[in-house]
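Q: One predicted model, sequence on top.
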Amino acid sequence: MNKLLQTIMKKLHRRPKTPPVNPPTPNIPKRQIGSYKDDVQELQASFQGCDDVKIRELTPGKITDCPVAVAYIESLIKIDWMEFAYSQIQALTDKPEHLRPNETSGSMEIVMLKTIKEAVSYVLDGWTVFIVEKTNKAYAVNTYFPPMRNVERSETETVILGPQEAYTESIQINLSLLRKRLKSTDLKITFTRVGRYNKKFVAIAWLESIAPKEFVESVQARIEAIDIDNLTDAGDFAQLIDDNPYSPFPQYHMTERPERIVSHLCDGKVAIFNDGSPFVLSGPASFIEFFQSSEDYDNRWLSASVIRTLRLIGVLISISLSALYVAVVTFHYQLIPTNMLVPLTESRSRVPFPPLYETLLMETTIELLREAGARLPTKVGQTIGIVGGIVIGQAAVTAGLTSNILIISVALSTVASFITPSYIMSSALRAIRFPLILLAGMWGLYGMFIGYLLMVIHFLRLSSLGSPYLVPFAPLRLIDWKDTFLRAPIPFMKYRPTHNAPKNSQRMPFQNETTAPAVSPSATPDEINENASDGSDSK
C-alpha cells in the first residue's frame, strides 16, 4: 500500500514538459570592497525598490570627519544602538591596522566585510553596514532588534504541573531557554541557513556525550539537501526531512515546551530550532512517545501510568467506535444485546440513510464544528463548539437524520481524540477514522481488521532517522518498557532508551555505586555540609 501511495503521489506531482527554472536571484556584485563611491553605488543598486532599506551618506562635519555611508533596515534595528555603533566604528577607523576581521568593541559585535554580497546579507539580517571612505573598508555591526513576543505559557501543550514557559518565534530566545536548563559544554549547537528567499536560520542541538554521531550527521545531511524558496514553519520543515514524507503520521516530535526538549536531548535525541517558529523538532521519535506528556514525570508513577493507559484507551475509542457502530449495525446485529436492540431498531427506523452515510455525515459535521471553533476567537470558538454540537445533534435526532446512539458514539470519539497530548498525532488519528468507517461499511468487522492490519504494516515500515517507529515493541526491547504505556518509578529508570543508541546509556548510578550520607531531619546547614564532606572523603 505504501508503494501504491508513493506512485500516486509521484504522478500527481509529475513535472510539466517544460520544467520551471529556479527563481532569479538578485544580481549582487561579488567584487571586493575597496572603492568608496563604487561600493555605495553597488549597494544602492542592490536595494533598488526596497524603500524600507535606508542608505544614507554622512558628509564631513560635526558628526564625522570623512564621508561615511550607512545602510540598515529601520524596522529591524534599534536606532540608539546604531548611533553607538557609529562611535565605535569611528574610534576603530582611527587605527584601522588594529581592526581584525571579527572584532568586538565594547558590547558591539563588529565584522569587517569583503564583498558587497556580504554587505547585502548583513543588512537583510538586521545589522547596520558602514562604508568608510577614510579606510575604503566596510564594517557590519550587530544592531538587530526586531519586534518579538515575550515568553508566555504554552497554548497547545497546557499542563497543571511543571514549568509554564514556552518557546517563542525568536531563535535567540529559544536557545537561551535551552541553555538556561542545560548548563553544560556537552550541549553543542550548530547553525545553518535554509531557503532561497528567506534564508532562515536553523539550529541543530545535541549532547555530544549522549547523542549518536549517526543521528547528528543524518540531520545535518538532510538539512543541507533542502532546496526550497521559502520555509515557513517547523511543520513543513519536518516534512522535508522525514524518512517517509508520504505517511500521515509524524516522524518527529514538535513541541513548544523547553523542558521536553531538554528531556529528549538527555535521552540521546537531536533537536532542530527554526527561526520564526515557536515549535522545536526532535528525533528520532517512536509511536508510543507521542502519547507521553512532560507532566507525566511531575506526577507520581502510579497516577502517570493510569493516565497513559487512559490515553491509549482513548486512541482506540477515537479511531474505532464510529467504525464499530457501522460494522455492527450493518452486518453484525447478533452482537448487540437484546435490551439495546429494540431501542436501536426504533431509532434507526426513522433514519432514511444507511449506517455508513449516517456516520460519515455526523463525523463530517463534528469536524466542521471543531475546525470552526479553532479558527474563531477563543471564547467564541468554545461557545460555537459546545452549543453548535448540542443544537445540531438534537436537531438531527429530532429530524430523523441520525440515531441517538450514533450521536453518543460520535461525541465520545471526538472527546477521546483530544486526550492525545500531541496535536499532530491527534490530527493524524482523526483522519484515519474515515478510512476505517468506509472499510467497516463495506465488510463489517472484517473490514476493520483489514484496516488495523494495514496500519500495523505501515507502522512496521516507518522509521525516524533510521530508528524503527514501533520500538520498543517491534523490535522487542523489554528494558525500554519501563517508560511506555506505563511509567515506572524514577529510581527504576536508570538507563536511557536503548532505541536511541546513546553513547552513554546510564542515566543514574546504582545504589551500590554511590551512597549519600545520612542526615538528621533536625541537622543544621553546617552539619549537612560537614556530613557531605565526610562522605566524599571516605570515598
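A: That came through, no problem. A quick note: this is a predicted structure, and the numbers were derived from the prediction, not measured.

Q: Give the rounded mean pLDDT of stretch 276-296.
A: Stretch 276-296 comes out with an average pLDDT of 92.

Q: Span of it from start to end?
A: End-to-end distance of stretch 276-296 (CA to CA, to the nearest Å): 29 Å.

Q: Return the set of buried residues in that stretch.
A: 277-296 (16 or more other CB atoms under 10 Å). To be clear about C-beta, it is placed using only N, CA and C from the backbone, and glycine gets the same treatment.

Q: Could you do stretch 420-438 as well?
A: For stretch 420-438, using 16+ other CB under 10 Å, the buried residues are 420-426, 428-430, 432-434, 436-438.

Q: I'd like to know which of these is nearest to Lys503.
A: Each of those was scored against Lys503 by CB to CB, and Ser422 proved nearest at 27.3 Å.

Q: check contacts around the nearest residue to that closest one once chain neighbours are set aside.
A: With CB to CB, 6 or more residues apart in numbering as the criterion, Ser422 has its nearest non-adjacent residue at 4.2 Å, and that residue is Phe290. By CB atoms under 8 Å, 6 or more residues apart in numbering, the contact list for Phe290 reads Pro250, His253, Thr420, Pro421, Ser422, Met425.

Q: doesn't the first one fall inside a strand?
A: Right, Pro250. No. Counting by DSSP: H, G, I helix; E, B strand; the rest coil, one finds Pro250 to be coil, located in no strand.

Q: My read is that it contacts Ala285, right?
A: Yes. Contact status for Pro250 versus Ala285: in contact at 7.0 Å, counting by CB atoms under 8 Å.

Q: ok, Glu152 to Ile173 distance?
A: 11 Å (CB to CB, to the nearest Å).

Q: who's more crowded, those two?
A: Comparing Glu152 with Ile173 by neighbour count (other CB atoms under 10 Å), the higher total belongs to Ile173, at 16 against 13.

Q: just so I have it, where are all the helices in the stretch 251-400 of the chain?
A: 258-266, 301-331, 338-349, 355-375, 378-398 (DSSP state H, counting those that start in this stretch).

Q: actually the stretch 1-150 of the chain, not the one I wrote
A: Secondary structure of the stretch 1-150 of the chain by DSSP H, counting those that start in this stretch: the helices cover 2-12, 36-46, 79-93, 116-124.

Q: Tell me which of the helices of the stretch 251-400 of the chain is the most buried.
A: Ranked by mean neighbour count, those are led by helix 258-266 with a mean of 21 (mean count of other CB atoms under 10 Å).

Q: what's the pLDDT at the residue nearest to Thr59 when sequence neighbours are not counted?
A: Of all residues not flanking Thr59 in the chain, Pro67 sits nearest, at 6.1 Å (CB to CB, 6+ apart). On pLDDT, Pro67 comes in at 80.

Q: Spit out the contact partners of Pro67.
A: For Pro67, the contact set (CB under 8 Å, 6+ apart) comprises Tyr36, Glu57, Leu58, Thr59, Pro60, Glu133.

Q: Of the residues you listed, just say which sits nearest to Ile116.
A: Nearest to Ile116, judged by CB to CB, of these is Tyr36 at 12.4 Å.

Q: Mind putting the contacts of Pro67 into CSV with neighbour count, distance to Gly466 and pLDDT?
A: As requested, the contacts of Pro67 are exported to CSV (neighbours: other CB atoms under 10 Å; distance: CB to CB, whole Å; pLDDT from 0 to 100):
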residue, neighbour count, distance to Gly466, pLDDT
Tyr36, 21, 54, 85
Glu57, 13, 56, 84
Leu58, 15, 56, 77
Thr59, 9, 61, 71
Pro60, 11, 63, 60
Glu133, 19, 56, 83
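
Q: List just the nearest of these to Ser322.
A: Glu57 (69.9 Å).

Q: which one is the closest one nearest to, not counting chain neighbours?
A: Per CB to CB, 6+ apart, closest to Glu57 is Ala69, 5.0 Å.

Q: so how many other residues sit close to that neighbour?
A: So Ala69, with other CB under 10 Å, has 22 neighbours.

Q: Repeat that for Phe473.
A: 18.

Q: Tell me the spacing between the residue lying closest to it once chain neighbours are set aside and Ala428.
A: Of all residues not flanking Phe473 in the chain, Ile288 sits nearest, at 7.5 Å (CB to CB, 6+ apart). According to CB to CB, Ile288 stands 15 Å off from Ala428.

Q: cool, and His332?
A: Taken as CB to CB, the span from His332 to Ala428 is 28 Å.

Q: Spatially central, which residue of this structure would that be?
A: Met254 (2.8 Å; CA atoms, centre = their mean).

Q: show me what contacts that residue?
A: Taking CB under 8 Å, 6+ apart, one finds Ala234, Gly235, Ala238, Phe279, Val280, Leu281, Ser422, Ile424 in contact with Met254.

Q: quick check, nearest of those to Phe353?
A: Closest approach to Phe353 among those (CB to CB): Ile424, at 32.6 Å.

Q: can you give me the mean pLDDT across the one helix or strand the closest one maps to?
A: Using DSSP states H and E, Ile424 falls within helix 423-443. For helix 423-443, mean pLDDT is 93.

Q: which parts of the helix or strand that comes right after it are buried?
A: Downstream of helix 423-443, the first helix or strand assigned by DSSP H and E is helix 445-461. For helix 445-461, a neighbour-count test (16+ other CB under 10 Å) marks Leu445, Gly447, Met448, Gly451, Met455, His458, Phe459, Arg461 as buried.

Q: and if you look at stretch 188-208?
A: Within stretch 188-208, the residues that count as buried by 16+ other CB under 10 Å are Val194, Gly195, Asn198, Lys200, Phe201, Val202, Ala203, Ile204, Ala205, Trp206, Leu207.

Q: And the furthest pair within those residues?
A: Maximum pairwise distance in these, criterion CB to CB, is 29.3 Å, between Asn198 and Leu207.

Q: list the contacts for Ile189?
A: Leu175, Ala203, Ile204, Ala205.

Q: Determine which two of those residues are furthest apart.
A: Between any two of the contacts of Ile189, the greatest separation by CB to CB is 11.2 Å, found for Leu175 and Ile204.

Q: Spit out the residues that contact these two alike.
A: With CB under 8 Å, 6+ apart as the test, Leu175 and Ile204 both reach Ile189, Phe273.

Q: pLDDT weak spots in the stretch 351-500 of the chain?
A: In the predicted model, the stretch 351-500 of the chain carries pLDDT under 70 at residues 378-387.

Q: How about the stretch 51-200 of the chain?
A: 60-65, 90-107.

Q: hmm, 90 instead?
A: 51-52, 56-69, 74-118, 125-126, 131-139, 141-164, 195-200 (pLDDT under 90).

Q: That one: strands as residue ranges?
A: Assigned strands in the stretch 51-200 of the chain, in chain order: 53-58, 68-73, 102-105, 108-113, 128-132, 137-141, 187-194, 200-207 (criterion: DSSP state E, counting those that start in this stretch).

Q: okay, those strands in JSON lines with distance to Ser505 next?
A: Output for these, formatted as JSON lines (distance: least, CB to CB, whole Å):
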{"stretch": "strand 53-58", "distance to Ser505": "53"}
{"stretch": "strand 68-73", "distance to Ser505": "49"}
{"stretch": "strand 102-105", "distance to Ser505": "40"}
{"stretch": "strand 108-113", "distance to Ser505": "40"}
{"stretch": "strand 128-132", "distance to Ser505": "49"}
{"stretch": "strand 137-141", "distance to Ser505": "45"}
{"stretch": "strand 187-194", "distance to Ser505": "19"}
{"stretch": "strand 200-207", "distance to Ser505": "13"}
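
Q: Many thanks, have a good one.
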